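Chemist: Sequence first, predicted model second:
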Amino acid sequence: MMNAGGTLIGSEGSEIGDINIIEGPNGLLLRITVEPGSLEPGWHGLHMHQVGDCSDVGTFTNSGGHVGKIEGGHGLLNPAGPEGGDIPNIWVAADGSAGYEAFTSLTTGAELINEDGGAIIIHAMEDDHMSQPIGGAGPRVACGVVN
């Protein structure tokens, strides 16, 4: 069983929050905190990504695709999915902060944190859990390496 964490980095390169992931016998418990003023208020797509690399600040594409990527299978509501990295959206309050807790049985600690590491990505907009490839969630606005 795994207990991992990391620091969430915003699109300008500053630390904006923390990530904690605890593996239980049937899945992963994710806890994320975002500091006030860090993100735009409202719903944001949230995914687990294959590579633990947030070094390309502003785009965060070095984090690769979703854990357990299935071509055409993105989305919690998709009959062809979901992918292992699909998790519920995060709500950001009016002050730009967030407190988030969710459980997923779609992946394991070993699948998230493998030889390439793993990352959590927050997107600019809400994930509709169906559209391909990322549910219409838009650009990546925050990234956290999990180790």
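Modeler: Everything's here; your move.
Chemist: CA only for contacts and neighbour counts going forward, please
Modeler: Will do.
Chemist: Strands of the protein, start to end?
Modeler: Under the criterion DSSP state E, the chain contains strands at 3-10, 15-24, 27-34, 42-44, 46-49, 90-92, 98-104, 118-123, 140-146.
Chemist: and of the ones you listed, who's closest to residue 61?
Modeler: With Cα to Cα as the measure, strand 140-146 is the member of the strands of the chain nearest residue 61 (8.0 Å).
Chemist: That closest one packs against which elements?
Modeler: Helices and strands in packing contact with strand 140-146 are listed as strand 3-10, strand 15-24, strand 118-123; criterion 3 or more Cα pairs under 8 Å, 6 or more residues apart in numbering; DSSP states H and E.
Chemist: Present those as JSON lines; the columns should include mean pLDDT, distance to residue 141 and mean neighbour count.
Modeler: Formatted as JSON lines, the helices and strands packed on strand 140-146 follow (pLDDT from 0 to 100; distance: least, Cα to Cα, whole Å; neighbours: other Cα atoms under 10 Å):
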{"stretch": "strand 3-10", "mean pLDDT": "96", "distance to residue 141": "6", "mean neighbour count": "20"}
{"stretch": "strand 15-24", "mean pLDDT": "98", "distance to residue 141": "11", "mean neighbour count": "19"}
{"stretch": "strand 118-123", "mean pLDDT": "98", "distance to residue 141": "5", "mean neighbour count": "27"}
